[in-house]
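Undergrad: Here is a sequence together with a model predicted from it:
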Amino acid sequence: MQTNFSLAQLADPDVSHSEKILRKCVHCGFCTATCPTYLTLGDELDSPRGRIYLIKDMLENDKPADEKVVKHIDRCLSCLACMTTCPSGVNYMHLVDHARAHIQKTYKRPFMDRMYRVVLAAVLPYPARFKFALSAARLGKPFAGLLGKLPGGKPMAAMLALAPSKLAKADPSLAKEKHQAEGQRKGRVAMLSGCAQKVLDPQINKATIDLLTRLGVEVVTPKGEGCCGALVHHMGREADSHAAAKQNIDAWMGEIDNGGLDAIIITTSGCGTTVKDYGHMLREDKAYAEKAATISALAKDITEYLATLELQPSTTGNGIRLAYHSACSMQHGQKIKDEPKNLLANAGFKVVDVPEGHLCCGSAGTYNILQSEISEQLKDRKVANIEKMKPDLIAAGNIGCITQIASGTGIPIIHTVELLNWAHGGERPVKLAGHSFDKTHKQMVAAE
Ligand code: SF4
Ligand code: SF4
């Protein structure tokens, strides 16, 4: 694509990077075929190509963001299916990140929209605040339907509908900063303990630590690490996301200097995509650029790391029919496709692919709150595709998808690492308590 930026504009490193991305786009439109919002809404401006034109026009003409640009960029899920499809290697992720930061700097959103965004940014990344909000949400849950009918009430209704009716119990063993390897130590890793995930489902971190330590890997969760910054990053709040990234980098660099790290393990693929991008996010920061690149190079999804450990085959899965939902941040953001499925198959599960597996479930960070109508349509489509496969269980590697899909189906959905921990000598996932796999899996039910 031809661009027309002045030399003065190109002196800005963000503009210069976006210009290089724009030049790669050849307008072929292949990406439209796999874009969930284009498939749902049918508007070219809700396709990757349409959004690329809007961003180009805004940046090239040094315009503040306007209502039209904001509407179509806000509707983008950042699912990155377009990047998987694009034959020209257009880095849409960096382009839309730049557009979102530009919107945040130059556009004044309507009051309610601003309020929701401020509240989400002030609550979700902080576990104590999030936990308090979830407790309060339980009281408001019965009024979700009513609130959804009020002007500006849809995001509030979506938040209440998504809030679990029962809060997960915190596990005190997770407060420790160091978890010793069992037997001879074969490795040492840091695990991102995260923010929303550890409140919604602390069993994911517990299963990760239990499995890794049993496999001879020491796991550390140093003081200071926390939210990866993805939630605010996708809202264009650059200063907040960079601050979160720096805090994690400092905590992990401390561990690298004090014992070394083989990897930084991430159990939420949305966070993995962001941590792997720290090197890019902080490339212009003299004090952090090098450290950020080091951290990004060490970041690994738990399944990527487990795939290097040569796990013994297990029969725990006992042929349970398991639909594997690959989160967008897993398959498009990090290009991890086979490792989770191979590990689950090696654990005895009968892994089945989900039709239209490349399409987003509509979770996408805060998308299911801020764009709840489109999100609902995508959830219904995803759940229908999963249920078509008649699975006994669903596995996924991203808490956002787990929460979203669970709100649309009665089939249990469990994090991949909890199933792997169970298969390799750990506890049966808590979510399977009282759940039987009936006649099809007699042997397993009897063994429990
Ligand atoms: S990131 Fe997803 S929703 Fe956004 S343009 Fe690309 S394919 Fe469409
Ligand atoms: S597939 Fe790639 S090159 Fe073609 S229009 Fe989409 S982004 Fe541009």
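TA: Done, it's in. Ligands and ions are numbered 1, 2, ... in the order given.
Undergrad: which element is residue 323 on?
TA: Using DSSP states H and E, residue 323 sits in strand 321-324.
Undergrad: how about the residue most central in space within the chain, what does it touch?
TA: When C-alpha atoms, centre = their mean is applied to the chain, the residue found nearest the centroid is residue 270 (2.0 Å). Contacts for residue 270 (C-beta atoms under 8 Å, 6 or more residues apart in numbering) come out as 230, 327, 329, 333, 365, 398, 400. Any C-beta I mention is one placed from the backbone N, CA and C, and that applies to glycine too.
Undergrad: just residue 223 next, same as before
TA: Counted by C-beta under 8 Å, 6+ apart, residue 223 has contacts 177, 251.
Undergrad: Check the gap between it and residue 184 for me.
TA: 27 Å (C-beta to C-beta, to the nearest Å).
Undergrad: Ok, residue 125 next?
TA: 38 Å.
Undergrad: Would you map the helices across the stretch 151-300 of the chain?
TA: 154-162, 196-200, 203-214, 230-233, 238-257, 269-275, 278-281, 289-298 (DSSP state H, counting those that start in this stretch).
Undergrad: about what we covered before: tell me which of residue 125 and residue 184 has more neighbours.
TA: residue 125 (22 against 6; other C-beta atoms under 10 Å).
Undergrad: and the helices of the stretch 151-300 of the chain, which is most packed in?
TA: Mean neighbour counts were compared across the helices of the stretch 151-300 of the chain using mean count of other C-beta atoms under 10 Å; the top stretch is helix 269-275, at a mean of 28.
Undergrad: mind saving the C-alpha coords of that helix as PDB?
TA: Presented in PDB, the C-alpha positions along helix 269-275 are these (Å, rounded to 0.1, in the frame of the first residue of the first chain):
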ATOM      1  CA  SER A 269      -2.400 -17.200  26.600                       C
ATOM      2  CA  GLY A 270      -3.700 -13.600  26.400                       C
ATOM      3  CA  CYS A 271      -1.000 -12.600  28.900                       C
ATOM      4  CA  GLY A 272       1.500 -14.700  27.000                       C
ATOM      5  CA  THR A 273       1.000 -12.700  23.800                       C
ATOM      6  CA  THR A 274       1.600  -9.500  25.700                       C
ATOM      7  CA  VAL A 275       4.700 -10.600  27.700                       C
END
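Undergrad: pLDDT on it, on average?
TA: Per-residue pLDDT over helix 269-275 has a mean of 98.
Undergrad: next one: it to chain centre, how far?
TA: Distance of helix 269-275 from the chain centroid (C-alpha atoms, centre = their mean, to the nearest Å) equals 6 Å.
Undergrad: What of stretch 325-343?
TA: With C-alpha atoms, centre = their mean as the basis, the mean position of stretch 325-343 lies at 11 Å from the chain mean.
Undergrad: Inside helices: which ones of the contacts of residue 270?
TA: With helices taken from DSSP state H, the overlap with the contacts of residue 270 comprises 230, 400.
Undergrad: The contacts of residue 270 into a markdown table, with extra columns for pLDDT?
TA: Below are these laid out as a markdown table (pLDDT from 0 to 100):
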| residue | pLDDT |
| --- | --- |
| 230 | 97 |
| 327 | 98 |
| 329 | 98 |
| 333 | 98 |
| 365 | 93 |
| 398 | 97 |
| 400 | 96 |
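Undergrad: Any of the contacts of residue 270 buried? List them.
TA: Taking 16 or more other C-beta atoms under 10 Å as the criterion, what is buried in those is 230, 327, 329, 333, 365, 398, 400.
Undergrad: Nearest to ligand 2 among these?
TA: Ligand 2 lies nearest to residue 333 out of the buried ones among the contacts of residue 270, by C-beta to the nearest ligand atom, at 16.1 Å.
Undergrad: and the nearest residue to residue 103 once chain neighbours are set aside, how many neighbours?
TA: Counting by C-beta to C-beta, 6 or more residues apart in numbering, residue 65 is the residue found nearest to residue 103 once chain neighbours are left out, at 4.2 Å. Per other C-beta under 10 Å, the neighbour tally for residue 65 reads 22.
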